[in-house]
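Asker: Show me how the following folds:
(2 chains)
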Amino acid sequence: MLSILKSEWFKLRKSKIFGILLVGPLIGLGAGIGADTAEAAGMINEWYMLLVYMNLPYSVLFLPLVTGVLASLVCRYEHQAGGWKQLLALPVTRGKVFAAKYVLTLLLVLLIQLFYLAAILVAGLYKGVADPFPAAIVWKSILGGWVATFPLVALQLWMSVWFKSFAAPFAVNVVFTLPSILAMNSEKVGPYYPWAQPFAMMYPATDTGDIFFIPWEQLLTVIGGFFILFYLGGYFYFQRKAV
Amino acid sequence: MMGQLLAAEFMKIKRKGIWFLTFLGPIGVVAMQMVNYGVRKDYLFGQNEDRWGYYLDNIHSFTPLAIVLGIVILTSFMSSIENETNAWKQLIALPVSKMSVYLSKFTVLLVLLLTSSVLLMLFTLAFGLSLDLGREIPYAGLLRYSFYPFLAALPVLALQLWVATVSVNQGVPITLGILGVILTYAGFTLPDWLIWKWPLLLNEWNEPLINVLLGVGAGLLLYAAGMLDFARRDVK
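Answerer: Residues are numbered from 1 along each chain as shown, chains lettered A, B, ... in the order given. Model (predicted):
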């Protein structure tokens, strides 16, 4: 398993992946530096305000959409010139190949989240935020956002294994991601809509009365449930796919 | 030559889901408001006396995002027809100029997006009529909100087509597109010179027509730049 993962990484290393990983954190950084957090000074911790401003462009659109690009990237080599045949002719099972591609994509998303954490710190230092850094909340936001992408990555990997082009899986992703702008404002649909979960999980809420506060149990059932559904869908599709 | 090239391009996009997406875009934008008005019609009617105007504003809250993302998807589709099968060489080896190949791709995209805009107008009108928004139908506003965003988004179209045709790795134009749509999403806080802000039809003079004129002008410039660059490049 580890060796498959390693070879997946080698295939990816020189495919402009770092530029793609940095786009999101830079968007966040821009939003953070441009944000007017001074109005909140003295009332609530300025880091919260910064996080709210930075999360909006980052977690609503960027994070769900980029999962699709990453999933397509890890399938790019195989779609070119009979790569699937070559890969599956090796003594590896299809299940392990799928799992390795999935794990690699998740690690890339985690990397983006960590760059984003760095972007939060840089934006805060640049603005000279003096309040104490709320480490627990920020880490909950970073790791929670990562966990929220688990089902999205699974669906996108399924689509990327299926379609040769980048555009088709991306279109599927867009069709589901855009409605989350409406869904996240709805108390009824928001907690159950998988594409709205990155925003929900990254929102820095500490107060249970906050409308964007969502109980962990419910989130984990939604995220866990859709993860199992999409992962098994992709897994069984790949088992039967003619290469 | 152009006619035959166009016929070939339209043949190539058959049964690829491209026409389906062209229809899905405007349907999706109006469906979003069907949900919005379906859930809280009374609340939305209470927001503004001018119900038609407010309804058009609501429609327009998703149009720019849909157009920018639609452009990203369609341009990547158009170039991946040749990219996936390494068919650029075959296409260029035909007795056609590279510029006319590029022009034919761009024209197909214009036709697709124009179709989307016409459909957006029809669906907006149809759902608006079913909503009981008042007797005065603001046709001028309807036309403006259906076609201005498309015209203002021409620079984005030209840029995405350029990047998509010259990139071997389609992850690059798609990531650029994601960056673009986020700039559109956050556009109301951004400066006027960003091309991704233009489809929002906002500017400091409060005159949407400026965005249209800028869009057509800058779109032509970026189109020319892309075409010249494509013509000079080696085909792999």
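Asker: For the rest of this, base every contact and every neighbour count on C-alpha atoms.
Answerer: OK.
Asker: Can you tell me the closest non-neighbouring residue to the residue of chain A found nearest chain B?
Answerer: Among the residues of chain A, A:Ala167 lies closest to chain B, at 5.2 Å counting by C-alpha to the nearest C-alpha. Closest residue to A:Ala167 apart from its sequence neighbours, by C-alpha to C-alpha, 6 or more residues apart in numbering or on different chains: B:Ile73 at 5.2 Å.
Asker: Next, find the distance separating that neighbour from A:Thr221.
Answerer: In this view, B:Ile73 and A:Thr221 are 32 Å apart by C-alpha to C-alpha, to the nearest Å.
Asker: got the residues of chain A near chain B?
Answerer: Residues of chain A lying near chain B by C-alpha under 8 Å from any C-alpha of the partner chain: A:15-16, A:20, A:23-24, A:27, A:57, A:61-62, A:65-66, A:69, A:72-73, A:80, A:164-168, A:170-171, A:174, A:179, A:182.
Asker: From those residues, which land in helices?
Answerer: Counting by DSSP state H, the part of the residues of chain A next to chain B found in helices is A:20, A:23-24, A:27, A:57, A:65-66, A:69, A:72-73, A:167-168, A:170-171, A:174, A:182.
Asker: Find the pair from the residues you listed with maximum spatial separation.
Answerer: A:Leu73 and A:Leu182 (29.0 Å; C-alpha to C-alpha).
Asker: Now do A:Gly145 against A:Ile181, distance only.
Answerer: In terms of C-alpha to C-alpha, A:Gly145 sits 16 Å off from A:Ile181.
Asker: Remind me which helix or strand B:Ala31 belongs to.
Answerer: Element membership for B:Ala31 (DSSP states H and E) is helix B:18-47.
Asker: Could you tell me the per-residue confidence at A:Asp207?
Answerer: Turning to A:Asp207, the model gives it a pLDDT of 58.
Asker: Then A:Trp139?
Answerer: Note for A:Trp139: predicted pLDDT of 86.
Asker: so it, which of the three states?
Answerer: helix (DSSP: H, G, I helix; E, B strand; the rest coil).
Asker: What is the burial count for it?
Answerer: If you count neighbours by other C-alpha atoms under 10 Å in any protein chain shown, A:Trp139 ends up with 15.
Asker: for A:Phe62, same thing?
Answerer: 24.
Asker: list the contacts for it?
Answerer: Applying C-alpha atoms under 8 Å, 6 or more residues apart in numbering or on different chains to A:Phe62 gives the contacts A:24, B:178-179, B:182.
Asker: All the helices of chain B, residue numbers only.
Answerer: Counting by DSSP H, the helices of chain B are B:2-12, B:18-47, B:51-60, B:63-84, B:88-93, B:98-130, B:139-152, B:154-166, B:171-185, B:208-232.
Asker: Those helices into a markdown table, with extra columns for distance to A:Leu88, mean pLDDT and mean neighbour count?
Answerer: Converted to a markdown table, those look like this (distance: least, C-alpha to C-alpha, whole Å; pLDDT from 0 to 100; neighbours: other C-alpha atoms under 10 Å in any protein chain shown):
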| stretch | distance to A:Leu88 | mean pLDDT | mean neighbour count |
| --- | --- | --- | --- |
| helix B:2-12 | 31 | 89 | 13 |
| helix B:18-47 | 31 | 90 | 16 |
| helix B:51-60 | 48 | 91 | 19 |
| helix B:63-84 | 21 | 92 | 23 |
| helix B:88-93 | 29 | 86 | 13 |
| helix B:98-130 | 36 | 94 | 18 |
| helix B:139-152 | 45 | 93 | 20 |
| helix B:154-166 | 30 | 95 | 25 |
| helix B:171-185 | 24 | 93 | 22 |
| helix B:208-232 | 37 | 93 | 18 |
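Asker: Fine by me, we can end here.
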